[in-house]
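What follows is a protein structure lacking sequence information:
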């Protein structure tokens, strides 16, 4: 059954910074004729619980997912978690820590724009924002636009929100990888060449990064990714081959918030089915 | 549609940039997209995603004026493989620079001690530059010493390609400054020309000069008396396809002496075809263009028309490997047929003086009356002196003997002599290395005399200095060797040896 199937293992819902609710995203996945999918909100597992309960027999196959933002002195990473038990304590602790750090940051930022620039928002807006599972810079930016403090979200972030520098606490990659493993999941490096999503990690640096993360227990790489050129994908497939890593394919769909379309992973049905991808799907119980 | 990319494109503004671009594309769907990156300093992966996305929306997308930092990112990430990405070009001024060469498509200036730039006449020359770079590379692979451009620059409103040409002097400059070097220049010039014309080009790699000449002849048909026009066409048509290389613009400004090495530059006219087409363009360069106004060559090459004429004559003689004026004149006339065809067509196109056109027309019509074929024979063959080339040498000699109606006995005797001498050169002249030998065949005079000359640059060796073997001794008593040259001497009327200019020159003569 595998060679012809359509896969997208990387997408965001409104639980984090996507624009589709978990319910909407299930409809979109069906419309796009995707056979196997995973929802990977930033530092959140809530959408997985919702989606899992929405699915019926004959619906697309669903894999529990999440994307953890990590950092250490060598750089920034997004670690994808797949096929874990959302109720396992290590996962809950990780989500909790991620959430706590995010809330701490968002509160600091809200205070900052208010104190430095005098941007104030109605109380109910702030409450709604803090009630989100994972509010971040884009949400504050949107509020600033809504209340006329900035022309658009990008300007809001660049000219105001990003002026705050603070030595933040963060989740280290080894911490995320270990928690995912202990929670029964598969840790996979998201968009490997792009670091936290907007960097470029190439060549020897990429190789060193992979080796380091593998020492922590990394099991796979997102070699098929919407932002990769065929050349980058081929390089990552070669790395996976050399290091015996599993392979995943993801679009990083954010709904209206980004330009990528669901199912756009760079992986085509016609290409030969890489054994790393096959092994990943098997490890997820397919 | 040209979209300018400015400053940085990263996660802070990628979405906004995307939105703007999509709006513009929406207004003109399907129109090719040119992203002008002249003012783009940095692009992050968020920016790359946008470009990737645009490429999906419209496949006809290209990036221009990309600076080297951004180019490196695009190259590492595989974007240069997915879409045309043109680098930003360094701007170079040629004001006050020495002009060292000039060809059909551009002018070459020295920009500093080590570098020259060829500025193209055509403002949209990028494809010309690419073509020239490719053919120059091909020539180099095929063994023709040339310079390959390493950079493309902006010169005013044109493009230029930059070559490294260390301390080089063109042959035109040498001839103008030191006329006593004429013979050396002729020798090197002809040596390179032989090398080019002896180079076989893989099919389809270079344009066929015959096509071009046919188009000239066709264009001229209506401007000539019917008979002359038809004859011109049929003469060109009768030239068989030839897959040997011709340079197409082979004059002394395009030949450079760099340290002790001779280089041919200006390769954009490289083609394949019969060498008569090359001789025609050489004739024009040294004589044709200046026939009506001798100042033309002075202005272009820097030397007088008299020097130009002498150079052409000596070069043609050396090229053909003959001192026979009749033969030289005969080939020159064939070259003039094509040369004038081109001059007339060019003059008509440029609306030049009718007087000039009429003069060349008259000359051409006269020449056509006396020309039955454009084909000619070079009397010389350059080969690597090795035993496996013997049969090539033999058939080269035989063809010329057959043309002179030699008797089978004379042919056999000459054949034996040629084998003895050539094998000798192959075995000893350059041992243990390999080197070149030139074989020249001339048939002339009354009574008809065949003269075969062997030239090599190897160890000086006079085969005639040795005593003849004593053939009265029995086989056992004889010394090994020397028999070959003995037989040669016996069969030929005359065998001459001289060592001159570092060359062994051995000449066999026989009256047939």
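Sure thing, it's come through. The model shown is predicted, which means the values in this text are computed figures rather than measured ones.

mind listing what the spatially most central residue of chain B touches?
With distances taken as C-alpha atoms, centre = their mean, residue B:247 lies nearest the centre of chain B, 2.5 Å away. By C-beta atoms under 8 Å, 6 or more residues apart in numbering or on different chains, the contact list for residue B:247 reads B:193, B:196, B:254, B:264, B:267, B:269-270, B:278. Where C-beta positions appear, they are placed from N, C-alpha and C, glycine not excepted.

for chain A, what spans make up the helices?
A:22-31, A:46-54, A:89-117, A:123-131, A:137-146, A:153-155, A:173-182, A:203-216, A:230-243, A:275-283 (DSSP state H).

Nearest to residue B:112, out of those?
Evaluated over the helices of chain A, closeness to residue B:112 peaks at helix A:203-216, with 34.7 Å, by C-beta to C-beta.

Could you list the residues in contact with the closest one?
So helix A:203-216 is contacted by A:74-75, A:77, A:173-174, A:177-178, A:189, A:192-193, A:201, A:218, A:221, A:235, A:239, A:243, A:245, B:76 (C-beta under 8 Å, 6+ apart).

cool, stretch B:141-155 as well?
Counting by C-beta under 8 Å, 6+ apart, B:87, B:89-94, B:117-119, B:126, B:129, B:132-133, B:136-137, B:139-140, B:159-165, B:195-196, B:199, B:201, B:245, B:256, B:261-265, B:267 sit against stretch B:141-155.

Show me which of those residues are buried.
Burial by neighbour count, 16 or more other C-beta atoms under 10 Å in any protein chain shown: within the contacts of stretch B:141-155 this picks out B:87, B:89, B:92, B:94, B:117-119, B:129, B:132-133, B:136, B:139, B:159-163, B:165, B:195-196, B:199, B:201, B:245, B:256, B:262-265, B:267.

Would you tell me which one of the helices of chain A is buried the most?
Among the helices of chain A, helix A:173-182 has the highest mean neighbour count (mean count of other C-beta atoms under 10 Å in any protein chain shown), at a mean of 22.

and the gap between residue B:287 and residue B:73?
55 Å (C-beta to C-beta, to the nearest Å).

List the contacts of the residue nearest to residue A:171 when sequence neighbours are not counted.
Excluding the flanking residues, the one nearest residue A:171 by C-beta to C-beta, 6 or more residues apart in numbering or on different chains is residue A:70, at 5.0 Å. The contact partners of residue A:70, by C-beta under 8 Å, 6+ apart, come to A:76-79, A:170-173, A:175-176.

got a markdown table for those residues, with pLDDT too?
A markdown table is the format used below for those (pLDDT from 0 to 100):
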| residue | pLDDT |
| --- | --- |
| A:76 | 93 |
| A:77 | 95 |
| A:78 | 96 |
| A:79 | 97 |
| A:170 | 87 |
| A:171 | 93 |
| A:172 | 95 |
| A:173 | 97 |
| A:175 | 96 |
| A:176 | 97 |
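
Just the buried subset of those residues, written out for ChimeraX, thanks.
Entered in ChimeraX, the line below selects the buried ones among the contacts of residue A:70, by 16+ other C-beta under 10 Å:
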select /A:76,77,78,79,170,171,173,175,176
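
Check which helix or strand the nearest residue to residue B:147 once chain neighbours are set aside maps to.
Take residue B:147 and drop its neighbours on the chain: the residue closest to it by C-beta to C-beta, 6+ apart is residue B:163, 4.3 Å away. Taking DSSP states H and E as the criterion, residue B:163 maps to strand B:158-164.

got the end-to-end distance for stretch B:111-129?
18 Å (C-alpha to C-alpha, to the nearest Å).

That one: how far from the chain's middle?
19 Å (C-alpha atoms, centre = their mean, to the nearest Å).

buried set for that stretch?
B:111, B:115-120, B:125, B:128-129.

The spatially closest residue to residue B:64 that is not a sequence neighbour in helix, strand or coil?
Excluding the flanking residues, the one nearest residue B:64 by C-beta to C-beta, 6+ apart is residue B:86, at 4.5 Å. Here residue B:86 is strand, with the state taken from DSSP: H, G, I helix; E, B strand; the rest coil.

contacting residues around residue B:86?
B:62-66, B:126.

mind listing what whichever residue of chain A sits closest to chain B touches?
Nearest residue of chain A to chain B: residue A:231, at 2.5 Å (C-beta to the nearest C-beta). Taking C-beta under 8 Å, 6+ apart, we find residue A:231 in contact with B:77-78, B:81-82.

mind giving me the domain split of the chain?
With no chain named, the answer covers chain A. Here the domain assignment for chain A is A:2-95+A:174-283, A:106-163, based on automatic domain parsing.

could you do chain B instead?
Annotated domains of chain B cover B:2-88, B:98-164, B:174-370, B:380-511 [automatic domain parsing].

how about those in a markdown table, adding mean pLDDT?
Shown next, in a markdown table, are the domains of chain B (pLDDT from 0 to 100):
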| stretch | mean pLDDT |
| --- | --- |
| domain B:2-88 | 89 |
| domain B:98-164 | 87 |
| domain B:174-370 | 94 |
| domain B:380-511 | 85 |
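
now those as JSON lines including distance to residue A:126?
Shown next, in JSON lines, are the domains of chain B (distance: least, C-beta to C-beta, whole Å):
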{"stretch": "domain B:2-88", "distance to residue A:126": "24"}
{"stretch": "domain B:98-164", "distance to residue A:126": "55"}
{"stretch": "domain B:174-370", "distance to residue A:126": "69"}
{"stretch": "domain B:380-511", "distance to residue A:126": "88"}
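
Out of the helices of chain A, name the one with the poorest average pLDDT.
Lowest mean pLDDT within the helices of chain A: helix A:153-155, a mean of 82.

who touches it?
A:138, A:141-142, A:144-145, B:12-13, B:15-16.
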